[in-house]
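In: Have a look at this prediction, sequence included:
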There are 2 protein chains.
Amino acid sequence: MRAPLRATAELRTAVSTVLEEFLHDQTAVLREVSADCDPVLDAISALLSGGKRLRPAFCFWGYRGVADDLPDEGVVTAAAALELFQAAALIHDDVMDDSDTRRGQPAVHRRFEALHREQDWEGSRTRFGLAGAVLAGDLCLSWSDELFSRSEVPAEAMLRGRRVFDTMRTQLMGGQYLDMLEQASSTQRGSAGAVDRARRVLTFKSAKYSIEHPLLLGGSLAGASTDLLADYSRFGLALGEAFQLRDDVLGVFGDPAETGKPAGDDLREGKRTVLVGLAVQNATPAQAETVRLLLGDPDLTTEGVDTLRDVLTDTGALAEVEELIDQQVGVACETLDGADLTEDARAALHALVVAATSRRS
Amino acid sequence: MRAPLRATAELRTAVSTVLEEFLHDQTAVLREVSADCDPVLDAISALLSGGKRLRPAFCFWGYRGVADDLPDEGVVTAAAALELFQAAALIHDDVMDDSDTRRGQPAVHRRFEALHREQDWEGSRTRFGLAGAVLAGDLCLSWSDELFSRSEVPAEAMLRGRRVFDTMRTQLMGGQYLDMLEQASSTQRGSAGAVDRARRVLTFKSAKYSIEHPLLLGGSLAGASTDLLADYSRFGLALGEAFQLRDDVLGVFGDPAETGKPAGDDLREGKRTVLVGLAVQNATPAQAETVRLLLGDPDLTTEGVDTLRDVLTDTGALAEVEELIDQQVGVACETLDGADLTEDARAALHALVVAATSRRS
């Protein structure tokens, strides 16, 4: 047996190894169909090679928080399954948003469009790109579950873990639907409840999915007590909110060289974030009109981005969001300090709080 | 304990009950996100209310073929899971093909477009429809697996079954990719290997997925012998090919009132079926030119449909396909007669051969 993993960086390597081996196995299954399927594997493999492995880290430390001497094998597999699920979510999300890039590379549907162009094939390039990405995402979704079910944990632990895994998947998709509904109906629904609605999307699309559920998954696989699971939830929801609020700020004010996304992309997509909700709530009629005119304009110029940034700053929305981030980081740290978990996990989770909320990409 | 199921019709009812109860449970999970998610559930529910429950039937009789006295519960749940997987495949397939209707109702992406129009929401209606359908399909894909894992079968049986379930999913998606590749590259790749390529797509996208894998799944869950599994494969692949060839004929020559799809829809989509492959292979230069010009034209008129139908008939392709269907039905029936399985299953599977290949919808 190998030495137990002791650091988030070691986990990252272990997860990458599991993913590579798994993709290797799946290559054989797809080659039975045809070697023509290789571009699908290449696209998935390229996407999986990137990423911060954030969800695996929370899953792992949620597990290791229960006891120091638990075997790693089961949880590393489950953690890698989360990464495949995330790949599915990203691929389909980019199709739905018609995004160009992801993790500093072309989005998967753009890769298939490029293949169609290079090969000089017939028919609609856009449709080919779309179909390739829908299928690549579907494969990741199926594989995520295939890998998860291979986690070497006792049957009871698997049952508990599966409950979290299943809820996570359904509620993420519910959250994504709510998000697109909000983009479509926000003007009609008005600014009064906009902040609440944005926070609801954030809770389900991000806080629960990215942090709370991975922690609960790890904890459940390890047989954590009800008290510890409750602390994981409190910590996860607070940090998850802070994490997403940081993401929202970076989506508007971030440096493209560091985020891997064009500047102001979230503004062009018309994302109805808490940041935007607060701006709209605090706006003068002129500022509100600016937001109405510019937000969601796919052809928004650099000047337009700057104008919207000014509104987000001048209305005090940016400052309020930074304050919210600080508050939630406070709740997360306090919960972590009071929780009954291993010291290794406490230290690692503290480090993840910093990584998730002070980052620039 | 209730009386064991004795007929395909009883199974159909049992599967529908499992699906309704499952969707009811998921409603609660999604309502935690928001009641705004109800349209997603409505769309899935409407789609699931239709369908021939063909895959569940093969799964069930593959199981019951092993012994008469096996408990139904486990296999009915697994069979219902196949129906959810099929719903996912259909929803995403319709997005990829931009189809208007499914099972006589609007395709799921069209339902979301209609919702966007009725509510007079902002932004692109097409994009909203697309996103709604991608998410609805993703939910069905996750749920299929959630339901499958609830099948009440012994752990060993579950492991065997899961192997089939996993291969089925991956290879269906590979087959779908191969299919779209063939639509895009068939002219470039030329008519020489067109029939072989079309049969390969058919094998993976249809024969294995619709019949062989469901049978093997049921057989594996029941602990079938290697011999019986081999017979299931032989039977499944032969009948599966016949089934899809029938589908291809109906897609071109079927009555829209019975198929629920507009006449000649497969021709407008440019589907590269075995039927088309044979026609191209046998065609005179003039007939080949007609196919090149008309096949895949989304605006193909009724006259265009008739012209293509004539080519498919005059080249002898239709007659060859009908002969292939007869041949494969022969192989399927012979295999069934020689297989060591229960008489109930033999009779039921014989009836399914007729239903799958003599149907008009």
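Out: Now that the structure is in, tell me what you want to look at.
In: Burial check on the residue lying closest to residue A:288 once chain neighbours are set aside, number of neighbours?
Out: Closest residue to residue A:288 in three dimensions, ignoring its sequence neighbours and counting by CB to CB, 6 or more residues apart in numbering or on different chains: residue A:280, at 6.2 Å. Quick note: C-beta positions are derived from backbone N, CA and C, even for glycine. Using other CB atoms under 10 Å in any protein chain shown, residue A:280 has 25 other residues around it.
In: what's near enough to touch residue A:280?
Out: Residue A:280 is in contact with A:191, A:194, A:288, A:291, counting by CB atoms under 8 Å, 6 or more residues apart in numbering or on different chains.
In: ok, now which ones touch residue A:251?
Out: Applying CB under 8 Å, 6+ apart to residue A:251 gives the contacts A:259, A:261, A:265, A:266, A:267, A:271, A:273.
In: Please verify my assumption that residue A:277 contacts residue A:198.
Out: Yes - in this structure residue A:277 lies within contact range of residue A:198 using CB atoms under 8 Å: 4.2 Å.
In: where do the contact lists of those two overlap?
Out: Taking CB under 8 Å, 6+ apart as the contact criterion, residue A:277 and residue A:198 have no common neighbours.
In: All the helices of the stretch 151-300 of chain A, in order from the start?
Out: Under the criterion DSSP state H, counting those that start in this stretch, the stretch 151-300 of chain A carries helices at the ranges A:155-189, A:194-202, A:213-222, A:226-253, A:256-259, A:265-269, A:274-282, A:285-294.
In: contacts for the last one?
Out: So the one you mean is helix A:285-294. The set of residues external to helix A:285-294 that reach it, using CB under 8 Å, 6+ apart, is A:187, A:191, A:267, A:276, A:279-280, A:283, A:300, A:304, A:307-308, A:311, A:314-315.
In: let's go with 7 Å and repeat that
Out: Defining contact as CB atoms under 7 Å, 6 or more residues apart in numbering or on different chains, one finds that helix A:285-294 is touched by A:187, A:279, A:280, A:283, A:300, A:304, A:307, A:308, A:311, A:315.
In: how about it as CSV, C-alpha atoms only?
Out: Extracted as CSV, the C-alpha positions of helix A:285-294 are listed here (Å, rounded to 0.1, in the frame of the first residue of the first chain):
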residue,chain,number,x,y,z
PRO,A,285,-32.5,55.9,-13.0
ALA,A,286,-29.6,56.8,-15.4
GLN,A,287,-27.4,54.0,-14.1
ALA,A,288,-30.3,51.5,-14.3
GLU,A,289,-30.8,52.5,-17.9
THR,A,290,-27.1,52.0,-18.7
VAL,A,291,-27.3,48.5,-17.3
ARG,A,292,-30.5,47.8,-19.2
LEU,A,293,-28.9,48.9,-22.4
LEU,A,294,-25.4,47.4,-22.1
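In: any idea how far residue A:60 is from the residue most central in space within chain A?
Out: When chain A is reduced to its mean C-alpha position, the closest residue under CA atoms, centre = their mean turns out to be residue A:210, at 5.5 Å. From residue A:210 across to residue A:60, the span is 14 Å (CB to CB, to the nearest Å).
In: ok, which stretches of the stretch 1-150 of chain A are helices?
Out: Listed from the start of the chain, the stretch 1-150 of chain A has helices (DSSP H, counting those that start in this stretch) covering A:8-33, A:38-49, A:54-64, A:73-97, A:108-118, A:125-149.
In: Compare those helices and report which one is nearest to residue A:338.
Out: Nearest of the helices of the stretch 1-150 of chain A to residue A:338, taken as CB to CB: helix A:54-64 at 16.3 Å.
In: Return the list of helices and strands in contact with the closest one.
Out: For helix A:54-64, the contact count by 3 or more CB pairs under 7 Å, 6 or more residues apart in numbering or on different chains; DSSP states H and E identifies helix A:8-33, helix A:73-97, helix A:213-222, helix A:343-357 as packing neighbours.
In: Flag every buried residue along the shortest one.
Out: It stands for helix A:213-222. Applying a neighbour-count criterion of 16 or more other CB atoms under 10 Å in any protein chain shown, one finds A:213, A:214, A:215, A:216, A:217, A:218, A:219, A:220, A:221, A:222 buried in helix A:213-222.
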